[in-house]
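[1] Model the following, please.
(one chain, ligands or ions: 1)
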Amino acid sequence: MSDHGPRLRAELDCVPASRAGAIHRLAAHRLSHNENPYPPLPGVLEAIYAVRSLNRYPDMACTALMNELAQRLGVPVSHLATGPGSIGVAQSLLQATSGPGDEVICARLSFPAYPVITKIAGAQSVQVPLTVGDVHDLEAMADAVTDRTRLIFICNPNNPTGTVVRRQELERFLDRVPTDVLVVLDEAYQEFVRDTDAPNGLDIYRSRTNVAVLRTFSKAYGLAGLRVGFAVAHEPVAAALRKTALPFGVSQIAQDAAVASLRAERELLERVNSLVRERGRVCKSLAEQGWVLPETQANFLWLRLGGRTIEFAEACEQAGVAVRPFVGEGVRVTIGVAEANDTFLRVADTFSPSLARARRPLTRP
Ligand SMILES: *Cc1c(COP(=O)(O)O)cnc(C)c1O
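    As a prediction, this is how the structure comes out:
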C-alpha cells in the first residue's frame with residue numbers, strides 16, 4: 001500500500017500556498033503592506049521593555065486594553081473582543097458563524113484575506129464585483145444574500161482601492177440584509193478617512209445588533225509587528241468571539257504597547273495628518289501625470305494597470321520601492337515617507353497614460 005501521508009481537508013487545495021504578497025525581495029522602501037513608516041509612538045517602547053516576565057502567559061482577558069478601549073470608544077467591555085491582529089479576529093468571526101454549506105459575501109477586489117479565511121472555515125466565498133468606480137456595489141451585494149449567507153465583509157475604506165461607501169448607502173444596504181446575517185465593517189484604515197459622508201462604524205453598530213466593527217493597531221498606530229486588533233459587537237457575537245479566540249493570542253507586550261499607543265493620541269493624530277497630507281500630494285502629482293485614480297481615503301492608493309501590472313511592479317522594485325501587485329488588475333501603493341513616494345512617482349511618470357497617448361503614432365484620416 002502506498003503512503004499518501006495524513007489526509008488533509010480538501011478545502012485547502014483552493015488556498016494559495018504562499019499567502020499572496022508575503023514574499024518579496026528586499027527593496028529600500030516597502031510600500032507593499034500599508035505599514036506606517038514611523039517609529040513607535042512615545043511611551044510604546046518603554047511599555048514593551050517594562051514587560052519582564054516572559055515566562056508568564058499574558059492576561060488572557062486583555063483587561064487593561066479592554067478597559068482602555070471601552071472607555072475611549074464609549075462601549076461596554078462586554079461588547080469587545082481582541083485578537084492577534086484584526087485578521088485574527090476576523091477568523092474568529094468566521095469560526096463563530098460559518099462552516100460547510102454556508103456562504104460568506106465580500107467584494108472583488110477587496111482584502112485578499114477574506115476568501116482565504118472563508119475557505120479555511122469550510123464555507124463558500126461569494127465575491128461581488130466592485131462598481132466601475134471601484135466602490136463596493138452594495139445593491140449587488142444585498143442581491144447576493146441567500147438563506148445560506150452567514151456573514152458579509154464590508155471593507156471601508158476598501159483595500160486595495162481606498163474607496164469608501166457612504167453612510168446613507170450603507171444604511172440602505174443594512175435595511176435590506178436580514179438581521180440574522182452578520183455584517184462586518186472592517187475599518188482597518190478608519191483613522192485616515194477625511195470624507196465627512198463616510199460612516200464611523202461605531203455609530204452604525206450602536207443601533208444594529210447584526211453589525212460588528214473590526215479595528216486594528218497595525219496601520220495608523222504602527223504596531224503591525226505586534227499583532228493586535230479588536231472587534232466591537234453586540235452580545236452574543238462578542239461573547240462568541242471570546243469563545244472562538246485563540247487562547248493567549250495577544251501577547252502581554254502587544255497589550256501594553258496598544259494601551260500606550262492609545263494614550264499617545266496627540267502624536268498619533270499628527271502622524272496620521274502628515275500621511276493624509278502626503279497622500280494628497282502624491283495623488284495630485286499622479287493626476288498631473290494623467291492618471292485617473294479612484295478617490296482614496298486610506299494610507300494607500302490604487303493604480304489600475306491591467307496587463308502592465310507586473311511590469312510596473314518590477315520597475316518600482318528596480319527603482320527601490322516594493323509595491324503590491326494584483327495580477328492583471330493593478331498595484332496598491334502605500335503612502336510612505338516623502339522620499340519613497342517620490343521614487344514611486346518617478347516610475348509612475350514613465351508609465352503615465354498621457355505619455356502613452358503622446359507616444360501613440362498619429363493616424364491620418
Ligand atoms: C491590514 C488590514 C487588516 C489588519 O490586519 P491585522 O491583522 O490587524 O494586522 C485588516 N483588514 C484590512 C482590510 C487590512 O487591510
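[2] who's in contact with the closest residue to Ser92 other than its chain neighbours?
    Among residues not flanking Ser92 along the chain, Thr244 sits closest, at 4.3 Å (C-beta to C-beta, 6 or more residues apart in numbering). From N, CA and C alone the C-beta is placed, and that goes for glycine too. Going by C-beta atoms under 8 Å, 6 or more residues apart in numbering, Thr244 touches Ser92, Gln95, Ala96.
[3] Take those and write them to CSV, including distance to Leu268, secondary structure and neighbour count.
    Shown next, in CSV, are the contacts of Thr244 (distance: C-beta to C-beta, whole Å; DSSP: H, G, I helix; E, B strand; the rest coil; neighbours: other C-beta atoms under 10 Å):
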residue, distance to Leu268, secondary structure, neighbour count
Ser92, 26, helix, 23
Gln95, 31, helix, 19
Ala96, 31, helix, 24
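[4] List just the nearest of these to the ligand.
    Checking those against the ligand with C-beta to the nearest ligand atom, the nearest one is Ser92 at 11.7 Å.
[5] The closest one against Pro84, yeah?
    No. Counting by C-beta atoms under 8 Å, Ser92 stays clear of Pro84, with 9.7 Å between them.
[6] one step back: can I get the contacts of Thr244 in TSV including distance to Pro37 and pLDDT?
    Below are the contacts of Thr244 laid out as TSV (distance: C-beta to C-beta, whole Å; pLDDT from 0 to 100):
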residue	distance to Pro37	pLDDT
Ser92	30	97
Gln95	34	96
Ala96	35	97
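[7] Could you export those residues as JSON lines, including distance to the ligand?
    Output for the contacts of Thr244, formatted as JSON lines (distance: C-beta to the nearest ligand atom, whole Å):
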{"residue": "Ser92", "distance to the ligand": "12"}
{"residue": "Gln95", "distance to the ligand": "16"}
{"residue": "Ala96", "distance to the ligand": "17"}
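[8] Pick out the residue nearest the middle of this protein.
    Ala188 (4.9 Å; C-alpha atoms, centre = their mean).
[9] name the element that residue belongs to?
    Counting by DSSP states H and E, no helix or strand carries Ala188.
[10] In contact with it, which residues?
    By C-beta under 8 Å, 6+ apart, the neighbours of Ala188 are Ser86, Cys155, Asn159, Leu214, Arg215, Thr216, Ser218, Lys219.
[11] if we look at the ligand, which of the residues you listed are close to it?
    Ser86, Cys155, Asn159, Thr216, Ser218, Lys219 (C-beta under 6 Å from any ligand atom).
[12] Just the ones in helices from these, please.
    Ser86 (DSSP state H).
[13] picking up where we left off before, which of the contacts of Thr244 lies closest to Arg263?
    Of all the contacts of Thr244, Arg263 sits closest to Ser92, with 26.6 Å by C-beta to C-beta.
[14] And for Ala264, the neighbour number?
    Neighbourhood size, Ala264 [other C-beta atoms under 10 Å]: 17.
[15] Leaving out chain neighbours, which residue sits closest to it?
    Here the residue nearest Ala264, using C-beta to C-beta, 6+ apart, is Leu41, at 3.9 Å.
[16] what number of residues lie near that neighbour?
    23.
[17] what does the stretch 51-200 of the chain have sitting close to the ligand?
    So the stretch 51-200 of the chain meets the ligand at Gly85, Ser86, Ile87, Phe111, Cys155, Asn159, Asp186, Ala188 (C-beta under 6 Å from any ligand atom).
[18] By neighbours, which of these wins?
    Going by other C-beta under 10 Å, Asp186 tops these with 30 neighbours.
[19] Let me know whether that one touches Asn156 as I believe.
    Yes. If you go by C-beta under 8 Å, Asp186 and Asn156 touch, sitting 6.9 Å apart.
[20] can you pull the contacts of the residue of the chain found nearest the ligand?
    For the chain and the ligand, the shortest gap (C-beta to the nearest ligand atom) falls at Gly85, measuring 2.3 Å. The contact partners of Gly85, by C-beta under 8 Å, 6+ apart, come to Thr216, Ser218, Ala224, Arg227, Val228, Gly229.
[21] ditto for Pro199
    So Pro199 contacts Asn156, Val165, Arg166, Arg167, Leu170, Glu171 (C-beta under 8 Å, 6+ apart).
[22] What of Val228?
    65, 82-85, 216-218, 250, 254-255, 257-258.
[23] Mind doing that once more with 10 Å?
    For Val228, the contacting residues are 62, 65, 82-86, 88-89, 216-218, 221, 249-251, 253-255, 257-258, 261, by C-beta atoms under 10 Å, 6 or more residues apart in numbering.
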